[in-house]
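Trainee: I'll drop the sequence and a predicted model, then ask my questions.
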Amino acid sequence: MTAIALDYERLKGLLTEKEISGLQPDVDRLHASLEKGLGAGSDYLGWLHLPSRTSSALLDEVMESARFVRENAEVFICVGIGGSYLGAKAAVEFSRSAFHNQLPRGLRQSPEIQFAGQNISSDYLADLFELVEGKEFCLNVISKSGTTTEPAIAFRLLMDLVARKYGPEEARKRVFATTDQKKGALKKLADARGFKTFAIPDDVGGRYSVLTPVGLLPMAAAGMDIKTLIAGARSWESLSSASSALEKNLSYLYAVLRFLLYKKGKAIELMAAFHPSLVSLMEWWKQLAGESEGKGQRGIFPASALYTTDLHSLGQWVQEGSRNLFETFFMVDSSRRQIEIPRLDNDDGLNFLAGKTLDFVNDKAYKGTASAHLEGGVPNMTLSVKDRSEYTLGRLFYFFERAIAMSGYLLGVNPFDQPGVEFYKKNMFVLLNKPGFGKGS
């Protein structure tokens, strides 16, 4: 198979090829608008050709900092929320061992990768402080402004910890700031204290920032080959830019299929994986899709599940609940290592599987689930990736970015803003008596 494949055979009872091809003129028009930078939110199209414009010098600079982290830290803490941490977490879980942080240092050859600033839980941070007690660690704070409440609080506490442990000079070497190129509270602080900084391009929004240093530094610190990752993204960028034809552009085909299902009342997309390494990648996708599309009382609600685990909790609802959803099965073609089921005493009745691999059983679970859910009235398609390599991951990140941009445009919304996110912040700031947000302000 190719690095990414999309099988929509199980949608053909609901969608016709005529309906799909009928959207080609709209896709052509929106593609041209994207490429010319003329559509809604055009100030935030820096991601569109980011892979091809990422220089070797920048990648070398990121890798140099990552080398320092790997040589001097047992734990690398990434402080951020939303797009400032989801992409990195997705990448590490996709490409590394399921037990990366628990492996002996000699096996993983990189620090533990931990995250903070994605919640306001005192227990979570207290547990993190206990984790790094007596260990060498480095921080990477990721925020364009430096004033987003959740990561700002976490960074204040962790910065105090690193300053008390190492003193100002050593702390300067151990804190990395990924932030605005020129302005903002974090940029000002980083310059004043001499922290190494990496810039988030002005024209790249948070949920589209995974292929900038926002994601690249944590990935490189975890031992990932970020040059190969960017090469993969460049290849899908090239394919996506070259043609808007649905038979050639899988990103746009996926967007069209989602849009048509939505127009037929399927307002929920349940993305379901059969491999735990895809869980955080689905969380990254949920932010990308949810923030890009959920506007003006429109948009597909993105949800995710890990099968077969969640078949024992959500399976009944998916099979027989409200028929307002469709499924996208998210599959990895084959595991890195094969485990074969042995022939033993047949007390458990499993000898009928003896000699079969776990991949074989998992594949049959997927096919059985897809058929059962289709029979239950849940249309579904399958998005497959060849492997868990950095090259495939780079392609996959860009695949989704293109797809969701097109999907937002088909819905008639600006895929690159998120006005609704500010409402909870304003209410929270009033309750916290933040200056400028009090009653009568």
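Mentor: Received the coordinates, thanks. Residues are numbered from 1 along each chain as shown.

Trainee: mind checking how far the helix or strand containing Val162 is from the chain centre?
Mentor: Val162 is part of helix 149-174 when elements are defined by DSSP states H and E. How far helix 149-174 lies from its chain's middle: 26 Å, per CA atoms, centre = their mean, to the nearest Å.

Trainee: ok, and for that helix, which residues are buried?
Mentor: 150-155, 157-159, 161-163, 165-166, 171-172, 174 (16 or more other CB atoms under 10 Å). C-betas here are computed from N, CA, C, even on glycine.

Trainee: Please report how far the most centrally placed residue in the chain lies from Phe360.
Mentor: Nearest residue to the geometric centre of the chain (CA atoms, centre = their mean): Trp284, 2.6 Å. Separation of Trp284 from Phe360 (CB to CB, to the nearest Å): 29 Å.

Trainee: quick one: furthest residue from the center of the protein?
Mentor: Asp345 (43.9 Å).

Trainee: For that one, give me the pLDDT.
Mentor: If you check Asp345, the pLDDT there is 93.

Trainee: Please shift the residue numbers so they start at 34 in all later answers.
Mentor: All set: I'll call the first residue 34, so the last point we hit is now Asp378.

Trainee: can you pull out the strands in this structure?
Mentor: 37-40, 108-112, 145-149, 170-175, 208-213, 229-233, 301-306, 334-339, 358-365, 413-418 (DSSP state E).

Trainee: re the thing from before, and the helix holding Val195 with strand 108-112, angle?
Mentor: Using axes from the mean of the first three to the mean of the last three CA atoms, to 10 degrees, the direction of helix 182-207 lies 140 degrees away from that of strand 108-112.

Trainee: Let's test this: mean pLDDT of helix 182-207, rounded?
Mentor: 95.

Trainee: just the angle between that helix and strand 170-175, please?
Mentor: Using the same axes, to 10 degrees: helix 182-207 against strand 170-175 is 130 degrees.

Trainee: which other helices and strands contact helix 182-207?
Mentor: Contact analysis of helix 182-207 by 3 or more CB pairs under 8 Å, 6 or more residues apart in numbering; DSSP states H and E lists helix 89-105, strand 108-112, strand 145-149, helix 155-165, strand 170-175, helix 218-226 as its packing neighbours.

Trainee: and if we set it to 6 Å?
Mentor: For helix 182-207, the packing partners by 3 or more CB pairs under 6 Å, 6 or more residues apart in numbering; DSSP states H and E come out as strand 108-112, strand 170-175.

Trainee: quick one: Ala65 from Trp269, how far?
Mentor: 19 Å.

Trainee: Looking at the two now, which is surrounded by more residues?
Mentor: The neighbour count for Ala65 versus Trp269, taken as other CB atoms under 10 Å, is higher for Trp269 (25 against 12).

Trainee: wait, isn't the more buried one in contact with Arg428?
Mentor: Yes. Under the criterion of CB atoms under 6 Å, Trp269 makes contact with Arg428 at 4.3 Å.

Trainee: so of the strands of the chain, which one's packed in deepest?
Mentor: Comparing the strands of the chain by mean neighbour count (mean count of other CB atoms under 10 Å), strand 170-175 ranks first with a mean of 28.

Trainee: Which per-residue confidence value corresponds to the closest residue to Gly217 other than its chain neighbours?
Mentor: In space, Gly217 comes closest to Ser178 once its chain neighbours are excluded; the distance is 4.7 Å by CB to CB, 6 or more residues apart in numbering. The per-residue pLDDT reported for Ser178 equals 88.

Trainee: burial of Ser178, as a residue count?
Mentor: Ser178 has 14 neighbouring residues, counting by other CB under 10 Å.

Trainee: ok, the nearest residue to Leu119 once chain neighbours are set aside - contacts?
Mentor: Distance criterion CB to CB, 6+ apart; nearest residue to Leu119, sequence neighbours excluded, is Trp317 at 4.3 Å. Counting by CB atoms under 6 Å, 6 or more residues apart in numbering, Trp317 touches 119-120, 123.

Trainee: run the last query once more with 10 Å
Mentor: 115-116, 118-124, 127, 240, 243, 248, 430, 433 (CB atoms under 10 Å, 6 or more residues apart in numbering).

Trainee: How about Gly388?
Mentor: Applying CB under 10 Å, 6+ apart, the residues contacting Gly388 are 373-376.

Trainee: Sweet, I'm off.
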